[in-house]
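# Model the following, please.
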Amino acid sequence: MASPGKKAYPLRIDPALWAAIERLAAQELRSANAQVEFLLREGLARRGRLPVPSEKGSDAAPGNSPEDAAADNRS
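Numbering: from 1, shown residues only. Just a heads-up that it's a prediction; the model follows:
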């Protein structure tokens, strides 16, 4: 079941790509699902298309957003 406030979505994905996501998730101590969400947010942020997070249930603490991570990588 999806967490409250999260959209459940069945995803068809290449097995090799999924394996790479699982490896990266393990290295970064995330679940594969959390890694997919992180990568999607990071990609949207890089394109300037990340929606503004709502106050309720937001885990966008200062310094922890994909935008901040991208900015850190540029410095």
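
# where in this protein is pLDDT low?
The chain contains residues with pLDDT under 70 at 1, 55-75.

# Not counting residues beside it along the chain, what's closest to the spatially most central residue of it?
Relative to the mean C-alpha position of the chain, the nearest C-alpha, by Cα atoms, centre = their mean, is the one of residue 38, at 1.1 Å. Counting by Cβ to Cβ, 6 or more residues apart in numbering, residue 38 lies nearest to residue 30, which is 6.6 Å off, once chain neighbours are set aside. Glycine gets a C-beta too; all of them are placed from N, C-alpha and C.

# The residue nearest to the centre of the chain reaches residue 32, doesn't it?
No: using Cβ atoms under 8 Å as the test, residue 38 is too far from residue 32 to be in contact (10.5 Å).

# Show me which positions of the longest helix anywhere in the chain end up buried.
Scanning the chain for the helix with the most residues, using DSSP state H, yields helix 32-46. For helix 32-46, burial by neighbour count (16 or more other Cβ atoms under 10 Å) applies to 35, 36, 38, 41, 42, 45.

# Next, the contact list for the second one, please.
With contacts taken as Cβ atoms under 8 Å, 6 or more residues apart in numbering, residue 36 has the following neighbours: 11, 21.

# can you do 7 Å?
The contact partners of residue 36, by Cβ atoms under 7 Å, 6 or more residues apart in numbering, come to residue 21.

# Quickly note the distance from it to residue 25.
8 Å (Cβ to Cβ, to the nearest Å).

# SS state for residue 16?
At residue 16 the chain is in helix, as set by DSSP: H, G, I helix; E, B strand; the rest coil.

# can you count the residues close to it?
8 (other Cβ atoms under 10 Å).

# gap between it and residue 8?
24 Å.

# got it, and residue 41?
17 Å.

# cool, residue 52 as well?
With Cβ to Cβ as the criterion, residue 52 and residue 8 are 23 Å apart.
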